[in-house]
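**Q** turn this into a structure:
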Amino acid sequence: MKKQTIRQLFWEIFRFLLVGGIATLADYFVFWVFDALIFPASWGTVALVLSTALGFSVGLLVNWVLSVRFVFRETKEEVSVRSKKPFLTFALIGLVGLFLTEFGVVLLVWAFPSFALFGKTELFGTAWEKWFAKAIMTCLVLVWNYLGRKIFIFRS
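**A** Numbering: from 1, shown residues only. Presented below is the predicted three-dimensional model:
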């Protein structure tokens with residue numbers, strides 16, 4: 001297969017960001033459900049870590065399905081990309097991302113002081129500092145995910 005053009009790469013990255021946005025919405029929704037509605041506040045950091053892991057896992061699955069179908073369409077081995085080994089590599093890249101996310105979210109929540117925005121200390125029952133920590137780590141891990149998946153799974 002020929003090398004990707006700048007235009008093909010641009011659209012691949014655009015699709016990656018779009019799919020990532022959808023997966024991030026799934027991640028944040030599941031995170032919120034567990035953090036604000038299911039786990040008791042008394043669980044503290046344990047609830048934060050579990051909610052983050054559950055949301056991340058759902059986001060990872062959504063991302064895999066959409067990435068295989070829509071993002072990395074120009075691959076050298078199109079059929080083998082949909083097999084177990086690439087999914088395991090995808091999951092391993094995701095686990096590294098999960099570790100980075102967990103570490104970063106806990107560290108940032110610990111470092112951020114509690115604060116109010118728009119006169120509230122929470123958004124939908126979850127503290128603002130958790131949302132900000134999650135957003136910062138999402139941006140950082142996005143770069144790792146794209147490069148890891150592009151290099152190790154969806155070579156073009």
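**Q** list the strands paired with the lowest-mean-pLDDT helix or strand in the chain, with their directions.
**A** Across the helices and strands of the chain, mean confidence by mean pLDDT, DSSP states H and E is lowest for strand 122-123: a mean of 84. Neighbouring strands of strand 122-123 in its sheet, by DSSP bridges, are strand 126-127 (antiparallel).
**Q** the partner strand: what's the following helix or strand?
**A** Once the chain leaves strand 126-127, the next helix or strand it forms, by DSSP states H and E, is helix 128-152.
**Q** and that next one, what other elements does it pack with?
**A** helix 6-32, helix 45-66, helix 84-111 (3 or more C-beta pairs under 8 Å, 6 or more residues apart in numbering; DSSP states H and E). All C-beta spots, glycine's among them, are computed from the backbone N, C-alpha and C.
**Q** what comes up buried for that helix?
**A** Residues of helix 128-152 classed as buried under the neighbour-count rule (16 or more other C-beta atoms under 10 Å) are 128-134, 137-138, 141-142, 145-146, 148-150.
**Q** ditto for stretch 6-17
**A** In stretch 6-17, counting by 16+ other C-beta under 10 Å, buried: 12, 15-16.
**Q** remind me which residues of this structure are low pLDDT?
**A** Low-confidence segments of the chain (pLDDT under 70): 1-2, 71-83, 154-156.
**Q** give me that answer again for 50
**A** Scanning the chain for pLDDT under 50 picks out 1, 77.
**Q** quick one: L50 and F39 touch, right?
**A** Yes - counting by C-beta atoms under 8 Å, L50 does reach F39; the two are 6.5 Å apart.
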